[in-house]
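Engineer: Here you go, sequence then predicted model.
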Amino acid sequence: MTEHVKGKAVHIFFEAPNSFYKVLLVKIKEASFQWNEKQITVVGNFADIIEGNEYSFEGRLTKHARYGMQFQAQNYKSETLATTDGVVSYLSSDIFPGIGKKTAEHIVNVLGKNAINVLLSDEDKVETLGLSERQKGVLMQGIIENNGTEQTIIELNNLGFSSRITEDIFSRYQEKSLEVIRKDPYSLATEIRGLGFKRIDQIAQGMGISFDDQKRILGAVLTSLYEECYSNGNTYANDKLLLKKSLQLLEGARSEKVDPEKVADTIIEAGHKRKIVIEGKRIYPKSLYNSEQEIAYDLYRLMNNRDEPIEYDEDEIDRCLEDVQTEFSITYGQDQLQAIKDAIKSPVFLLTGGPGTGKTTILRGITEVYMKLNKIDRKDAKGIKLAAPTGRAAQKMANATGMDASTIHHLLGITGGNEISANDLDYLNGTLLIIDESSMVDTELMHMLLSCIPDSMQVIFCGDKNQLPSVGPGRVFADMLESMQIPSKELTHIYRQGDGSSIVKLSRSIVNGEVPSDLLEKTGDRSFIKCSGEQVCSVTKRIVQIVLKKGQSADDIQVLAPMYMGPAGINQLNRTLAPLMNPTRLNAKSVESGENEFHIGDRVLQLQNNPEKNIFNGDIGKIIAINESQKGRGTTMTVRFEGREVELEQADFLNLTLAYCMSIHKSQGSEFSIVILPMVRQYSRMYARNLLYTALTRAKLKLMLIGEPSAYANCIRAEALNRETMLKQQIVFQFTGKKAETNPQEKSVQLETKNDFADVEPSRGSIQKTILNFDNIEKIDPLIGMEGIDPYQFI
């Protein structure tokens, strides 16, 4: 039941910096419900609220777990603008700088108390007011902007969007938000993160859009395609899979069946209109198709378009290498020396190797030899650029080379939250660029990076091809290596931790899919403790207690796990470990955000890129201050990330989580002295040897394995799902002119649809008995039993 309350906005307790969400204190004039107090807290999405003005709110009473009863407003309107005094007060507010009370009274005297509506309906009326040009501009701009914003926010509230979704929609479309929704609500599905197809479909159904409307079908197709790529890491989807997923999405949202042929025709038409790209049986989001093509072109350009070839005297390179080894007390192996020479002489070079092979040490050798060969003083080495995907990886790179390093986003000048394309970026200045942790770079970021590199700049990509691929779509570094068109070197000899390091030996066994016979044995740097999934938290807690008691710092210990949910999940492990690893937590200042409670001293993890604040997905920090809410501004938090102090607003807290335990995916690019790694049957959906390899190679000194031996064995045997990409073939074609590998028996979407898709549509009604065979096994949904599970829970 909808209730209403009318009253004066006495005070704005909180105003979210990145959304329209506000918390107001309202002095009640009238209410449709029983309320014994003179004032009430009202929360919701509002445009500009002016303290002292009167408003009417529609919504319902709710009980907040911490703050008690409050009124959740779904709709509102200004009552102040219904009176002469109210209009004068509004026009003389801060919304209209340069218009004081006397001018506002004059406007109302001339146009009446409906002055705002009069000006909205006929802008020429402003000429009758005798105002200066500046005042006329301020008046009309303020009225139009605030009226549009207010009406848009009210309508978005009425559609039931959350404050974050409302802000995201308005931020993208501004006053055209409602126009976009009315024209095609399904366009939001691929533009607004977190807004699912089913929610949009409810809105569309209320607008009278039928179950087989082409807009609805296209919305389902694009949603399914984007999910297949951006959730699963592929750069395209197979046509049959896309048709099946689209039908499942359409019928899952409404009960009516949709003709598979109509869906296929919609896919074909979307290809003709260049909304997607169809190539044989492969269907791409346009941006990913273009990115793969541009990456291949830019690699060819950088390899072949230099004005002057790279020519160094071999003897001079050898002398420089000897000087570097003497100066820094380094002894390079023969494979390392060859890698440095090859990198120095190549326009583009790929360097890969596992843990302990000396990749980081080689980076120092490359930079030092390059400076000596080109007579560059270290103090004037601005032409050498070093970058990595995360701040933590960049800092590790800087420590290893003694030179400045940055994130790739910072290097490219991507500093805001708005979407940008490669065309928006400028060429880099410099002569040498080195990118570390290259396996973490996804297709779209690599496209932007390469497009900014001038022909004259050498590029070296360094990484571990056996690690997990990027969180975003693609397997760019692996595809570049496998194309065999770019000079490369794989390091295999072990230097770090000594040849006897059991961690390194274990990592090599895992890469080969071999379960080592000594997996359960205790060694100098590794141990194994058996336990069940239900025991993971208690066993981990006991291990941490013992390690801390031996004098190790909590900062040296990192727990890694594959999944967030469940008794052995990341969330539960963080709740268990936080009081132990931050003992001051009990008495430290705290702030709540979603399901998290953050305290001063807590270790936290950044979950999404925030280029504006120069913090990125996977960065780890420590909370050093929590600042109380101030007028017009919510609580803020100061977090130290790799020596940089960053102030976060309350809206930023949603992109933080505790990091005493973190996901294996997020740990890429980082190293920790002591790693505790659980592996149990609960994680079976995530089993993949590159997942386990990535986790244990984060350990620099000690690795503590806990869990079920069978879980480790099964994880080692499980090959990683191969991502569907065409970058390798695009590179080969660009360099050799040979066409990309395709299946000569591929059928078009249209033929597949007409001949083969009758059996793909999701069945309803009675269950048919079927004998499982190779012809029908693909009809079984691989996600059966996983309804309601968000793929981001596995990252």
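Structural biologist: Thanks, I have it.
Engineer: buried residues in stretch 243-255?
Structural biologist: By neighbour count with 16 or more other C-beta atoms under 10 Å, stretch 243-255 contains the buried residues 243-251, 253-254. (Glycine included, C-beta is placed from N, CA and C.)
Engineer: can you tell me which of those residues lies nearest to residue 49?
Structural biologist: Closest approach between these and residue 49, by C-beta to C-beta: residue 253, at 36.1 Å.
Engineer: Now for the nearest residue to the closest one once chain neighbours are set aside: which residues touch it?
Structural biologist: Residue nearest to residue 253 in three dimensions, not counting chain neighbours: residue 201, with 4.3 Å by C-beta to C-beta, 6 or more residues apart in numbering. Residue 201 is in contact with 186, 216, 219, 253-254, counting by C-beta atoms under 8 Å, 6 or more residues apart in numbering.
Engineer: can you check residue 723 too?
Structural biologist: 232-235, 469, 473-475.
Engineer: about what we covered before: okay if I get the contacts of residue 201 as TSV plus distance to residue 656 and secondary structure?
Structural biologist: TSV is the format used below for the contacts of residue 201 (distance: C-beta to C-beta, whole Å; DSSP: H, G, I helix; E, B strand; the rest coil):
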residue	distance to residue 656	secondary structure
186	32	helix
216	37	helix
219	32	helix
253	33	helix
254	37	coil
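Engineer: And those residues, which is closest to residue 563?
Structural biologist: Closest to residue 563, out of all of the contacts of residue 201 and judged by C-beta to C-beta, is residue 253, at 27.3 Å.
Engineer: which stretch of helix or strand covers the nearest residue to residue 580 once chain neighbours are set aside?
Structural biologist: Nearest non-adjacent residue to residue 580, counting by C-beta to C-beta, 6+ apart: residue 544, 5.7 Å away. For residue 544, the element it lies in under DSSP states H and E is helix 536-549.
Engineer: Ok, residue 666 next?
Structural biologist: helix 664-667.
Engineer: after that helix, next one along is what?
Structural biologist: Reading on from helix 664-667 to the C-terminus, the next helix or strand found by DSSP H and E is strand 672-679.
Engineer: Residues contacting that following strand, please?
Structural biologist: Against strand 672-679 from outside (C-beta under 8 Å, 6+ apart): 531, 536, 540, 543-544, 547, 552, 556-562, 568, 573, 692, 695-696, 698-708, 711-712, 715.
Engineer: Kindly recompute the last result at 7 Å.
Structural biologist: Applying C-beta atoms under 7 Å, 6 or more residues apart in numbering, the external contacts of strand 672-679 come out as 536, 540, 543, 547, 552, 556-561, 568, 695-696, 698-707, 711-712, 715.
Engineer: out of these, which are inside helices?
Structural biologist: Of the contacts of strand 672-679, the ones assigned to helices by DSSP state H are 536, 540, 543, 547, 695-696, 711-712, 715.
Engineer: what about the closest residue in space to residue 91 that isn't next to it in sequence, which SS state?
Structural biologist: Leaving aside its sequence neighbours, residue 91 sits nearest to residue 104 (C-beta to C-beta, 6+ apart; 3.7 Å). The assignment at residue 104 comes out as helix when based on DSSP: H, G, I helix; E, B strand; the rest coil.
Engineer: what packs against whichever strand or helix holds residue 394?
Structural biologist: Per DSSP H and E: residue 394 is located in helix 391-401. Applying 3 or more C-beta pairs under 7 Å, 6 or more residues apart in numbering; DSSP states H and E, one finds that helix 391-401 contacts helix 359-373, strand 384-388, strand 406-407.
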